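Enquirer: need a 3D model of the following:
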Amino acid sequence: MPSANVKALAESSREKLKAAIDELETFLNGHALPQLVEPDHAESATFYAGLLSDLRQLLVFSEVSYEKLGALLRRPNFDGEAAERSLYEVYHHCVNAFFYPKNEGYSEDGRYAYTGQDAIRFRAKPVRVARDLVLQVSRVYEELRDDLSYYESEYLTQRRLQSK
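Expert: Numbers count the residues shown, from 1 in each chain. Sure, this is the predicted structure:
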């Protein structure tokens, strides 16, 4: 991929990550497990503990990628190879962390993607603020997934061929 395209993609990915980070931080700084759990519902506690854990992990991955991209973009000489590696990591760490959460509090149902409905389905019914957050950041990670789909397989294939 030409260096100018990689730089533009790195800049737009960084901006999108910043938007997701802001949303995630605001939610996680303002909500704790006792606030979300319904009294006398053990299943609710397990669901929200997993959801909060997944969101914290997503936040960390997103912040690390945001910082890496920022460092690359601040350099006087843009390093296209390092940027491609970082974009690959954004896809495989951030996008995959969102769409395949470890605790499976939600999942993407592709059947709804073309109907105009939200494709995110929750394992249990979340409180409105948690639902709104996940749906809000899902748009950001969907855009990142679309933008970085090249890095899902093509980037690794290209690197393997270059090493031979």
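Enquirer: any stretches of the protein with poor pLDDT?
Expert: 1-4, 110-117, 154-164 (pLDDT under 70).
Enquirer: now do the helices in it.
Expert: 3-30, 33-36, 42-74, 80-89, 96-99, 128-147, 150-163 (DSSP state H).
Enquirer: in TSV: the ones you listed, plus mean neighbour count and distance to Asp109.
Expert: Every residue, glycine included, has its C-beta placed from N, CA and C. Formatted as TSV, the helices of the chain follow (neighbours: other C-beta atoms under 10 Å; distance: least, C-beta to C-beta, whole Å):
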stretch	mean neighbour count	distance to Asp109
helix 3-30	16	21
helix 33-36	12	23
helix 42-74	18	17
helix 80-89	19	27
helix 96-99	19	11
helix 128-147	17	12
helix 150-163	12	20
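Enquirer: tabulate those in CSV, adding columns for distance to Gly105.
Expert: What follows is the helices of the chain, written out as CSV (distance: least, C-beta to C-beta, whole Å):
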stretch, distance to Gly105
helix 3-30, 14
helix 33-36, 11
helix 42-74, 4
helix 80-89, 24
helix 96-99, 12
helix 128-147, 8
helix 150-163, 24
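Enquirer: so which of the ones you listed gets nearest Ala119?
Expert: Closest of these to Ala119 is helix 128-147, at 7.6 Å (criterion: C-beta to C-beta).
Enquirer: angle of that closest one against helix 42-74?
Expert: Interaxial angle, helix 128-147 versus helix 42-74 (axes from the mean of the first three to the mean of the last three C-alpha atoms, to 10 degrees): 40 degrees.
Enquirer: got a list of what the nearest residue to Phe78 once chain neighbours are set aside touches?
Expert: Take Phe78 and drop its neighbours on the chain: the residue closest to it by C-beta to C-beta, 6 or more residues apart in numbering is Lys7, 5.4 Å away. By C-beta atoms under 8 Å, 6 or more residues apart in numbering, the contact set of Lys7 is 73, 78, 80, 83.
Enquirer: for the residues you listed, work out which two are farthest apart.
Expert: The two members of the contacts of Lys7 with the most space between them (C-beta to C-beta) are Leu73 and Gly80, at 11.8 Å.
Enquirer: distance of the residue nearest to Phe78 from Ser149?
Expert: 18 Å (C-beta to C-beta, to the nearest Å).
Enquirer: cool, Ala20 as well?
Expert: Distance from Ala20 to Ser149, by C-beta to C-beta: 18 Å.
Enquirer: if we can go back for a sec, now flag whichever of the contacts of Lys7 is closest to Lys16.
Expert: For these, the nearest to Lys16 is Leu73 (13.8 Å; C-beta to C-beta).
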